[in-house]
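Undergrad: Please find the sequence and the predicted model below.
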Amino acid sequence: MTPDPEALAALARRVRNVRWPDGDAAARAALAAYETGPRGRTGRAAFAARPADTAEVREVVRWAYTHRVPLIPRGGGTGRAAAALPDPSGDQGVLDLTALTGAPAIDPDTGTVTAPAGLTVAALLNALSPYGLTLPFAAAPPATPYAPADLGGRTVGGLIGDGVSGRRTVPGGGLRSSLLGVAAVLADAGATPLSMADRGAFIDSSDPAPLFAGAQGTLGIVTAARFAVVPRPAATAAAILTFADDTSALTLFDALHRAAAHLLTGFEVAATGFAAAPSALIRLADPAGDLPVPLGSLLTTLVTAHAGAADIAWLGDGDPEPPWPSPDTVTAELARTGTVVELDAIVPRERVARLRADTLTLAASTLPGAQVTHLGDALDGRWHLYVTWPYAGAEPEPVQLGALIARLHDVVVYAHQGAVAAAYALGPRNQGVHLRLLPPAARRAAARVKDAFDPRGLLGTPPFGPVHAPVYAGRAGADPRAAWDLGGV
């Protein structure tokens with residue numbers, strides 16, 4: 001139901017920046033900026049509010065609770081999921097948090113930084129730079145300002161909502177291990193403010209901060225966060241390596257990890273299909289700047305010893321993006337050629353090679369003729385698996401797709417002691433698969449937390465649990481949330 005214009009006018013008297021489609025062309029244009037999302041998806045916003053501080057955030061949430069209007073929290077609009085996009089019904093309001101900015105509080109003595117939710121990650125990293133510090137999951141050139149691209153373009157709140165650390169995994173750990181505290185506003189009757197516990201670098205079982213990581217704004221409105229910080233690397237280097245086969249790439253990874261694990265900050269492998277030949281983007285960083293040999297010499301020596309004829313293309317200092325598509329866009333691209341099932345697996349480093357082999361075997365036995373493409377970061381064991389069923393053959397039945405997803409899940413979890421997560425939010429058509437794979441106790445716990453934080457469900461369905469629903473994409477341009485209903489498998 002579209003909110004009553006008079007009620008919106010009352011909200012606008014308490015919150016300075018509220019727009020709704022009241023016939024005013026400027027208002028309609030302002031809303032349009034919130035109505036286009038990733039993959040070309042579009043929605044329609046009932047209104048947009050851009051609160052200037054936490055008090056105004058609470059005003060919006062209290063109003064939404066009273067009038068039972070769903071809210072869509074939004075940061076920089078760069079998230080990989082479509083969680084910040086209103087649906088086409090036009091009955092959801094957008095809560096724009098980009099005005100919650102200001103200078104972060106940096107404490108070099110405790111190794112922490114506290115930042116408002118609307119601050120971009122790029123701005124936060126630039127503020128840390130004069131102190132010689134950085135976020136543990138965001139290496140960057142030592143003397144170059146951080147560009148507002150990829151990870152840097154996200155807001156602090158959006159980073160927490162997605163629960164991912166971009167493509168930069170360093171020995172200091174990812175987002176979840178670096179997130180020390182969260183301040184938020186809950187979507188209950190009083191728009192209860194959740195204060196940030198002052199626990200320094202420690203998190204105990206009563207701290208709700210870990211719950212917000214990956215919840216995509218469905219538990220509460222994050223207004224500020226505290227992170228651990230680490231010294232910025234004194235030197236960084238990156239190279240693209242091209243191999244004769246995938247096995248050579250992982251052999252080099254194992255050798256490099258044994259020889260200099262403290263220098264290795266990223267090792268992302270792209271199989272054939274992403275690159276012209278099996279390739280890897282290797283990132284190295286020297287935290288002290290006193291290596292006995294240059295980074296380049298070390299890598300060249302290891303390549304010669306373990307990967308034979310691999311070609312090395314040095315990219316210079318810094319933290320570049322790889323030349324192949326990111327996981328955000330791969331599913332849509334593969335959907336042009338056939339039906340796609342995507343599984344995002346996290347396994348121990350030493351099991352990555354076996355996981356790839358098992359995926360090929362399972363796909364061949366379950367969907368004869370299917371192609372497996374994979375892309376992953378061997379450093380943290382995260383691997384994106386894409387099984388594509390070409391349109392040239394008969395379309396697979398939902399039960400076949402469901403069987404493949406279930407078998408892949410079992411191999412990841414039981415054979416390789418891993419976990420399965422989705423790159424995108426839980427869609428209404430694949431909730432059956434999610435519920436089948438998520439342990440009942442975890443479902444009950446997630447439901448209780450959701451009810452306590454957001455009793456009227458104003459913030460949507462959380463993608464909770466160790467297993468998120470795998471993504472299915474139909475033909476090119478299709479909405480993956482509206483594809484096969486796999487609930488019966």
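TA: Received it, and whenever you're ready, just let me know what you need. Every value quoted in this text rests on a predicted model; they were computed, and no experiment measured them.

Undergrad: Doesn't residue 55 lie inside a strand?
TA: No - Residue 55: not assigned to a strand; according to DSSP: H, G, I helix; E, B strand; the rest coil it is helix.

Undergrad: can you count the residues close to it?
TA: Residue neighbour count, defined by other C-beta atoms under 10 Å, stands at 13 for residue 55. (Glycine included, C-beta is placed from N, CA and C.)

Undergrad: What separation is there between it and residue 102?
TA: 14 Å (C-beta to C-beta, to the nearest Å).

Undergrad: And the helices in this structure?
TA: For the chain, applying DSSP state H gives helices covering 5-14, 25-32, 54-67, 121-128, 156-162, 175-178, 209-212, 246-260, 295-306, 327-334, 352-366, 398-410, 431-437, 440-453.

Undergrad: Need the contact partners of the third one.
TA: It refers to helix 54-67. Under the criterion C-beta atoms under 8 Å, 6 or more residues apart in numbering, residues 3-4, 7, 10-11, 14-16, 49, 51, 69-71, 93, 95, 97, 100, 183, 185-191, 193, 221, 223, 456, 458 lie in contact with helix 54-67.

Undergrad: picking that back up, who wins for proximity to residue 418 among the helices of the chain?
TA: Across the helices of the chain, residue 418 has its closest neighbour in helix 352-366 (7.4 Å, C-beta to C-beta).

Undergrad: looking at it, residue 411 is touching residue 357, isn't it?
TA: No - using C-beta atoms under 8 Å as the test, residue 411 is too far from residue 357 to be in contact (10.3 Å).

Undergrad: more neighbours, those two?
TA: Comparing residue 411 with residue 357 by other C-beta under 10 Å, the one with more neighbours is residue 411, at 21 against 12.

Undergrad: which ones are touching the more buried one?
TA: By C-beta under 8 Å, 6+ apart, the contact set of residue 411 is 355, 358-359, 362.

Undergrad: Poorly predicted segments of the stretch 201-350 of the chain, please.
TA: Where the stretch 201-350 of the chain drops to pLDDT under 70, the residues are 201-206, 272-275, 287-296, 307-309, 316-319, 326-329, 331-332.

Undergrad: what ranges do the strands span in it?
TA: Using DSSP state E, counting those that start in this stretch, the strands of the stretch 201-350 of the chain run over 220-228, 230-231, 235-242, 264-270, 279-286, 311-316, 338-346.

Undergrad: Determine which of those approaches residue 369 most closely.
TA: strand 338-346 (9.5 Å).

Undergrad: Quick check: can you name the pairing partners of that closest one and their directions?
TA: As defined by DSSP bridges, the strand partners of strand 338-346 come to strand 382-390 (antiparallel), strand 419-421 (antiparallel), strand 471-473 (antiparallel).

Undergrad: highest average neighbour count across these?
TA: The highest mean neighbour count among the strands paired with strand 338-346, using mean count of other C-beta atoms under 10 Å, belongs to strand 471-473: a mean of 26.

Undergrad: would you turn the strands of the stretch 201-350 of the chain into a markdown table with distance to residue 392 and mean neighbour count?
TA: Converted to a markdown table, those look like this (distance: least, C-beta to C-beta, whole Å; neighbours: other C-beta atoms under 10 Å):
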| stretch | distance to residue 392 | mean neighbour count |
| --- | --- | --- |
| strand 220-228 | 47 | 26 |
| strand 230-231 | 50 | 18 |
| strand 235-242 | 30 | 21 |
| strand 264-270 | 25 | 23 |
| strand 279-286 | 27 | 24 |
| strand 311-316 | 34 | 13 |
| strand 338-346 | 8 | 24 |
